[in-house]
Structures are given as structure tokens and as C-alpha cells.
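K.L.:
Sequence first, then the predicted structure, then my questions.
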Amino acid sequence: MSASRFLLATLSGGAWRNIRGLLLIAFALVLIPTSVRAACFYTNGSGSANVTFNPPSTITVPFTASVGTVLYTSPYLGQSSAPLFRCTSTSSYGITPTYGGTPATSTAIFPTSISGIGFSLTYAGSSSNYLYPYPAYSLPAGYWILDTTYSVQLVKTGPIVSGSTLSAGSIAYFNMGNSLQLVNYFLGNSVTIVDPACSVNTTPINVTLPTVGTNTLPAVGATTGTTGFVIALTCASGATLAIQLDYAGTASGITGVLTPTSGSSAGVGIRVLDSSSNPVTFGTASVMGSTASGQMNLQYYAQYYRTAAITSGPMGASATFTLSYQ
């Protein structure tokens, strides 16, 4: 990336008028310690600009995501102002992150407030225009203005603790000559990163109960037609898995029982049982234990449950499930 692509020279006459002074400064720098840096300063009452990105409050990492996967890309946003500044001799510039150490100038991914998530910045409306760490670039002496647009990408850089929260606030600044913070980059909101340890092999999961006669349900609370089914997962090892089942229709008021969402029958619901044949509690997460690498089957059962006087006919009921991890 060349400076000319997003740093625009102005006041060329002024630069020419100061050529003698600039040559003297360049000569003097040969004679003083290299730790002394060229001075850059704002002109015409200018100051720092800000750019605030607003990612979604929750980002779910795809189960198969590898290191380097881009999890979010923001739209391009402009600066709050266009800083005017002057550097008295050739000066370095680049991005300095808020968190962690500044990476090598050959990488365009910077650390964030949580492990496993980094970010990159692109500019001028092009996803190939990456900004690199300070001091990756140099700018000749002169009067300059910085005015462009930016996009932020959130990138998977390693293992992620599911539920980690990326803090709102400053993530980096545009470092000019180690003297000026020309542009400050912010996240406008915190972001919770969900890194699922499992993927669902088949969804939706269809469970077909047998056709039964009304005489098999002689009284309220009677059950029949018990049919097993599994929620089949593929998991990575090392997480604690929990599952929560919820009504997809109207709550029945009976533990584990779903009211019909389709069909013409009445007086019968579908009760869902866990692997121990206990009615599930809808709306409450149940811890299933630690995940192992590979296939993991969660066993459940469904059965007819009489709730009132029966009207025969077809029926259907549905529920949703949510997986969570620690």
C-alpha cells in the first residue's frame, strides 16, 4: 500500500518554501541518536478523527471454521473529520492496536480483548486494501490530510472460549510518526462470541408415532405409543454440553406435554421423555455432560398423553431445541 492511495498532499507551495529547512533537519538526523523521531503535528486547529463500528451483539462461529475464517465484515464507514497535519521529515505510520502487543508489520490481523479473535482493517472501499501495523509505511515531509473510509473484519485466530465477550470501546488507532493518533477506531457495542462444540446432523428431526385406538388411552394421564428418537450431533471434544427444549406452540401446563399444532384430534397431547424416561421440563436447560470428538446421540422418547375427552383424528406437535456450551 502506498501512502498516496489514502493520504493526499496539500499546500505544495508551502512544502517548496520549506525545502531548505527540511534538508537541514534531514542532515541533523544523521548526527543524533536513532531513537529520536521526526515530529508530526496538527495544523489549522485540526485533531483526531473517530470511526465507530457496530457489529451484531452475538456472533456464532461456524462449527467447521478454521483459523483465518472471517466471522464478520462491517460496511465501510467514513471518519468523523479529516485531520490536517504536518510532518517535518519522513515519518513512519501504521496501525497500533489497543490490546496486546503490536504484531509484525507483515501481518494485517491485530489482537482483541479476547483470545481466539483478531481484527483487520481495510480502507477506501476495497477488501484488498489492508492496513498494517506501525511502522509499516513511511510518509515524506509535508502538509497532509487523511480522509478515507474503513471496514473492520473479525477473524478467528485460535481456540475460542464460547460465551467470551469482545469489549466495546477502542480497538486501535492510526499512528502517525509516533506523535499523532490521526484516527481512533472503536467498537460501538460489546460482542458475545458463541463457538459451538457440536453441529446437528439432521434438522428438522421428524418423529412418527404409531396409529392407536382411543381405547388405549382410557383416562386422563394415560399414555401409549412410546417411540424413541435421537438428536444426532457431531462434536469436538472438551466442552460441556447443555440442551434446552421449548414449546413451538401453546404450553399445555403439563410437564413434558406438547399441545397439538396441527390436525383435528382433541384431548391428546405428545409427551416428551428424556433418556431416563422422565418428562422433560420445557424452557429449562439440562446438562448432558462433556463432549467427545465424533458422533454424540441424545436419546429421547415421544408418546401420546391423554389430557381430556378424546376426539379421534390426526395430530401433530412440534418443539425446538437449543444447544449451549461451556
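P.N.:
In hand now; what should we look at?
K.L.:
Can you list the strands that whatever helix or strand residue 224 lives in pairs with?
P.N.:
Element membership of residue 224 [criterion: DSSP states H and E] is strand 223-235. With DSSP bridges as the test, strand 223-235 is paired with strand 198-200 (antiparallel), strand 294-311 (antiparallel).
K.L.:
Those strands: which one's closest to residue 271?
P.N.:
Set against residue 271 and scored by C-beta to C-beta, the strands paired with strand 223-235 come closest in strand 294-311, at 4.0 Å. All C-beta atoms are positioned from the backbone trio N, CA, C, and that covers glycine.
K.L.:
Let me know the pLDDT of the residue nearest to residue 114 when sequence neighbours are not counted.
P.N.:
Spatial nearest neighbour of residue 114, excluding adjacent residues (C-beta to C-beta, 6 or more residues apart in numbering): residue 164 at 4.4 Å. pLDDT recorded at residue 164 is 90.
K.L.:
now residue 32
P.N.:
Reported pLDDT for residue 32: 28.
K.L.:
What is the neighbour count of residue 97?
P.N.:
Residues lying near residue 97 (other C-beta atoms under 10 Å) number 23.
K.L.:
residues contacting it?
P.N.:
Taking C-beta atoms under 8 Å, 6 or more residues apart in numbering, we find residue 97 in contact with 103, 110-111, 133, 171-172.
K.L.:
Leaving out sequence neighbours, find the closest residue to it.
P.N.:
Residue 97 sits nearest to residue 110 (C-beta to C-beta, 6+ apart), 4.1 Å away.
K.L.:
dump the residue contacts of the one you found.
P.N.:
95, 97, 100, 103, 118-121, 133, 171-172.
K.L.:
Filter the residues you listed down to the buried ones.
P.N.:
In the contacts of residue 110, burial by neighbour count holds for 95, 97, 103, 118-121, 133, 171-172, counting by 16 or more other C-beta atoms under 10 Å.
K.L.:
Next, format these as JSON lines and append pLDDT and distance to residue 211.
P.N.:
As requested, those are exported to JSON lines (pLDDT from 0 to 100; distance: C-beta to C-beta, whole Å):
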{"residue": "95", "pLDDT": "97", "distance to residue 211": "67"}
{"residue": "97", "pLDDT": "96", "distance to residue 211": "64"}
{"residue": "103", "pLDDT": "87", "distance to residue 211": "65"}
{"residue": "118", "pLDDT": "96", "distance to residue 211": "57"}
{"residue": "119", "pLDDT": "97", "distance to residue 211": "57"}
{"residue": "120", "pLDDT": "97", "distance to residue 211": "59"}
{"residue": "121", "pLDDT": "97", "distance to residue 211": "62"}
{"residue": "133", "pLDDT": "96", "distance to residue 211": "68"}
{"residue": "171", "pLDDT": "97", "distance to residue 211": "61"}
{"residue": "172", "pLDDT": "97", "distance to residue 211": "64"}
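K.L.:
where exactly do the helices run in the stretch 51-200 of the chain?
P.N.:
Ranges of helices within the stretch 51-200 of the chain: none, based on DSSP state H, counting those that start in this stretch.
K.L.:
wait, isn't residue 207 in contact with residue 227?
P.N.:
Yes - look at residue 207 against residue 227 with C-beta atoms under 8 Å: they come within range, at 6.1 Å.
K.L.:
what domains does the record give for this protein?
P.N.:
3-194, 198-325 (automatic domain parsing).
K.L.:
ok now the last one, how far from the chain's centre?
P.N.:
Yep, that's domain 198-325 we're talking about. Here the centre of domain 198-325 is set off from its chain's centre by 32 Å, with C-alpha atoms, centre = their mean, to the nearest Å.
K.L.:
What of stretch 196-204?
P.N.:
19 Å.
K.L.:
Now that stretch: average pLDDT?
P.N.:
87.
K.L.:
ok, now stretch 306-323?
P.N.:
According to the model, stretch 306-323 has a mean pLDDT of 94.
K.L.:
how about that stretch: buried residues?
P.N.:
306-307, 310, 315, 317, 319, 323.
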